[in-house]
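In: Just need the structure, nothing else, for what follows:
(one chain, ligands or ions: 2)
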Amino acid sequence: MTDATQAPLVLVLHGATGDLARRMVLPAIYTLSSSGFLPEQFSLVGTGAEDVGAEAFRERVVDSLTEFGGVSSAEDPAVVAFLERLSFAGPVTVEDAGTLPARIAEVADGQPATVIHYLAVPPVAFEPITQALDAHGLADGIRVVYEKPYGTSPESFEALDRVVHDVFDEEQVYRIDHFLAKEATQNLYVLRFANELFGGMWNRNHVAQVQIDVPEVLDVAQRATFYDATGAALDMLVTHLFQVAAEIGMEPPYAIDAAGLAKSRERVLGDFRPIDPSEDLVFGQFEGYQDIDAVADGSRTDTYVAARLWIDNDRWSGVPFILRTGKRLAASGQRVTLVLRSDHELQFGAAAPGEPEVCPENAHLRCNTISLSLAGSGSISLRTTVKRPGHDLVLANGTAELDLASVDPGRSVPPYAALLYDVIRGDRSLFPTAENLRQAWRAFAPVQEAQAAESVPVHSYAPGTWGPVEADALVHPYAWQIDTHPENAGPDDITVGLTEHGADHG
Ligand SMILES: NC(=O)C1=CN([C@@H]2O[C@H](COP(=O)(O)OP(=O)(O)OC[C@H]3O[C@@H](n4cnc5c(N)ncnc54)[C@H](OP(=O)(O)O)[C@@H]3O)[C@@H](O)[C@H]2O)C=CC1
Ligand SMILES: O=C1O[C@H](COP(=O)(O)O)[C@@H](O)[C@H](O)[C@H]1O
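Out: Ligands and ions are numbered 1, 2, ... in the order given. Below you'll find the model as predicted:
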């Protein structure tokens, strides 16, 4: 543990009775606590729209840790010790802060403390809680964490940001995008900037296309009210997929630190061309979506979105970034693929009869890729053209895969635990800045306008499929790479040093 993490810590979790707290945030805090990453003097204060009281809150925490935190017994000494640190302070409004100020003072006990307010509340509650912290003198010197979405349109982003900057300095603000904290996402820039092999070819001269593909088998029935008002593009495209695109596309930072990374991400996001809905956007909705309770009759909400993004700078000019995500698709995965340019015909001739067509028409045999799975502990794969073992010169594909969990000591940190620990130690490297999100909203604005104007069709797709076929035109002349990955490889593929792995599951 570093010195910065030794000071007494008060973590105020607003929305502590909600779904995100239950599934992600509380288990992440417990993970840090039980593995010794929290200071001796640590206290967790929950708040919610209703005051459920400390005992009921502790019971919810036990449920959360049992279901999502790997805890098997509430009698476990680590759990007992954790529960002793919890209290509940009820709602916090501009008019009334309830018992929260007293609780914070009590834990700090007159010493300098790290105070973190984590807003795991619906976006409509971001502004009132921010103003409440200010009104009750609770904002000075604290760190504040905002869940996604930070705004739901360019206008609401600006309005929220004005309120936030009226109260806080930018350095106090941590905006969550948990895809940035995935182990494999963090490897994107390490791969480039620590390995000349990759750094030297990370540009339009060598990369023909980039795919950022996050299909999900997940349903949305559990959170239909939220989802019907949001849709795939708002939930995933302007947030996670844009941030991953920025991570792939950024120029080398002047330093690998929070300020350097932030500046590089901001710059490349500034080069994102606003998406052209008439050319580069496909919406889908799975059949049966409108039968879900809480989904509005005739809803046009997109449960699927595919988009072609162009980055207008010297490095990426002419290289399409294909972004795809959707619910109730054929498989789950979180895969980034750089499809590499290749011209083997000169040396090896055209494809033999019966041999699958060469890249780019098929993007299969002889097509080289660098690919990362962002799911779980993550992996990096290299798909190369090799000689098939035997007397004759026959080309085949070989895929070498590095499972990041196999790198010593093999313990990956779940994204929410990673981000929380960064907030505690004051490291903003993995958090989007306000300028970053402003640029994301700028490039995304035409998508939202097209939705509002109903100018782009929402294609129906059967659950369990890969979504609307109309999206295939976006990747043309290549193929979607996620379903050509080893488990679905063609008959001519061979696999080199492949660690056994199944489908990509998030
Ligand atoms: N759930 C998820 O998978 C994800 C959620 N998020 C984001 O996390 C945030 C919370 O989402 P989620 O947990 O799903 O939502 P829920 O509706 O499940 O929970 C919301 C929480 O906020 C409290 N709350 C509601 N309104 C107010 C208010 N006006 N003032 C203070 N507290 C309030 C609720 O208290 P009470 O219980 O008393 O009503 C509850 O504790 C949202 O911004 C969401 O976009 C981000 C990524 C994934
Ligand atoms: O933020 C969100 O992310 C999840 C996917 O992320 P994962 O890392 O939990 O697999 C997505 O299912 C959800 O719709 C979205 O709100």
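In: what does the chain put close to ligand 1?
Out: Residues of the chain found near ligand 1 (CB under 6 Å from any ligand atom) are 14-21, 48-50, 91, 120-123, 125, 147-149. Any C-beta I mention is one placed from the backbone N, CA and C, and that applies to glycine too.
In: in this structure, which residue is closest to the centre?
Out: Nearest to the mean C-alpha position of the chain, by CA atoms, centre = their mean, lies F179 at 2.2 Å.
In: sec struct for the nearest residue to it once chain neighbours are set aside, please.
Out: Among residues not flanking F179 along the chain, H240 sits closest, at 4.0 Å (CB to CB, 6 or more residues apart in numbering). Assigned by DSSP: H, G, I helix; E, B strand; the rest coil, the conformation of H240 is helix.
In: Please report how far H240 lies from A434.
Out: 18 Å (CB to CB, to the nearest Å).
In: In terms of neighbours, single out the busier of these two.
Out: The residue with more neighbours, out of H240 and A434, is H240; 23 against 17, by other CB atoms under 10 Å.
In: V214 in helix, strand or coil?
Out: Reduced to three states by three-state DSSP, V214 is strand.
In: Surely it is in contact with R324?
Out: Yes: counting by CB atoms under 8 Å, V214 touches R324, with 7.1 Å between them.
In: helices or strands next to whichever helix or strand A105 is part of in the packing?
Out: A105 belongs to helix 100-108 when assigned by DSSP states H and E. Packed against helix 100-108 by the contact rule (3 or more CB pairs under 8 Å, 6 or more residues apart in numbering; DSSP states H and E) you find strand 9-14, strand 42-47.
In: Compute the inter-axis angle for the first one and strand 42-47.
Out: Between strand 9-14 and strand 42-47, the angle comes out at 20 degrees (axes from the mean of the first three to the mean of the last three CA atoms, to 10 degrees).
In: The helix or strand following strand 9-14 vs ligand 2: in contact?
Out: Where DSSP H and E defines the elements, the next helix or strand beyond strand 9-14 is helix 19-20. No: Helix 19-20 is not in contact with ligand 2 by CB under 6 Å from any ligand atom; minimum separation 9.0 Å.
In: Domain map for this protein?
Out: Split into domains by automatic domain parsing, the chain comes to 3-147, 180-495.
In: What are the boundaries of the helices in the stretch 251-400 of the chain?
Out: Secondary structure of the stretch 251-400 of the chain by DSSP state H, counting those that start in this stretch: the helices cover 258-270, 277-280, 345-348.
In: Out of those, which is the most enclosed?
Out: Of those, the one with the most neighbours on average (mean count of other CB atoms under 10 Å) is helix 258-270, at a mean of 20.
In: Give me the contact list for that one.
Out: 189, 242-243, 246-247, 249-254, 311, 313, 427-429, 431-433, 435-436, 439-440, 443 (CB atoms under 8 Å, 6 or more residues apart in numbering).
In: quick revisit: now for the helices and strands packed on helix 100-108, which one comes closest to ligand 2?
Out: strand 9-14 (17.9 Å; CB to the nearest ligand atom).
In: Compute the mean per-residue pLDDT across the closest one, please.
Out: Computed over strand 9-14, the mean pLDDT rounds to 96.
In: picking up where we left off before, contacts for the helix holding A105?
Out: Contacts to helix 100-108, defined as CB under 8 Å, 6+ apart, come from residues 8, 10, 12, 41, 43, 45, 47, 87, 89-90, 92, 113, 115, 136-138.
In: ditto for stretch 181-192
Out: With contacts defined as CB under 8 Å, 6+ apart, stretch 181-192 is touched by 179-180, 198-199, 202, 244, 247-248, 250, 252-253, 256, 261, 334, 336, 370, 372-375, 377-380, 404, 412-413, 415-416, 418-419, 422, 430.
In: buried stuff in it?
Out: By 16 or more other CB atoms under 10 Å, the buried positions in stretch 181-192 come out as 181-189, 191-192.
In: In helices, which of these fall?
Out: When the buried residues of stretch 181-192 are checked against helices (DSSP state H), the matches are 183-189, 191-192.
In: mind listing the strands in the stretch 201-350 of the chain by residue range?
Out: 207-215, 281-286, 304-309, 321-326, 335-340 (DSSP state E, counting those that start in this stretch).
In: nearest to A452, of these?
Out: For the strands of the stretch 201-350 of the chain, proximity to A452 was assessed by CB to CB; strand 281-286 is nearest, at 12.6 Å.
In: in its sheet, what does the closest one sit against?
Out: strand 304-309 (antiparallel), strand 458-461 (parallel) (DSSP bridges).
In: The last one: what's the following helix or strand?
Out: The helix or strand immediately downstream of strand 458-461 is helix 472-475, counting by DSSP H and E.
In: Touching that following helix from outside, list them.
Out: Here helix 472-475 makes contact (CB under 8 Å, 6+ apart) with 209, 211, 280, 282, 306-308, 320, 322, 480.
In: for the stretch 251-400 of the chain, which spans come out with low pLDDT?
Out: Residue ranges of the stretch 251-400 of the chain with pLDDT under 70: 343-347, 349-366.
In: Dihedrals phi and psi, V144?
Out: Per-residue torsions, V144: phi -130, psi 130 (degrees, to the nearest 10).
In: quick one, what contacts it?
Out: Applying CB under 8 Å, 6+ apart to V144 gives the contacts 116-119, 130, 133, 164, 168, 172-174.
In: try V336
Out: For V336, counting by CB under 8 Å, 6+ apart, the contacting residues are 184, 188, 210-213, 244, 248, 371-372, 374.
In: before we move on, the earlier item: now that we have the contacts of stretch 181-192, which of them are buried?
Out: Here, 16+ other CB under 10 Å leaves 179-180, 198, 202, 244, 247-248, 250, 253, 261, 334, 336, 370, 372-375, 377-380, 404, 412-413, 415-416, 418-419, 422, 430 buried among the contacts of stretch 181-192.
In: what's the spacing between L180 and ligand 1?
Out: 13 Å (CB to the nearest ligand atom, to the nearest Å).
In: Cheers, nothing more for now.
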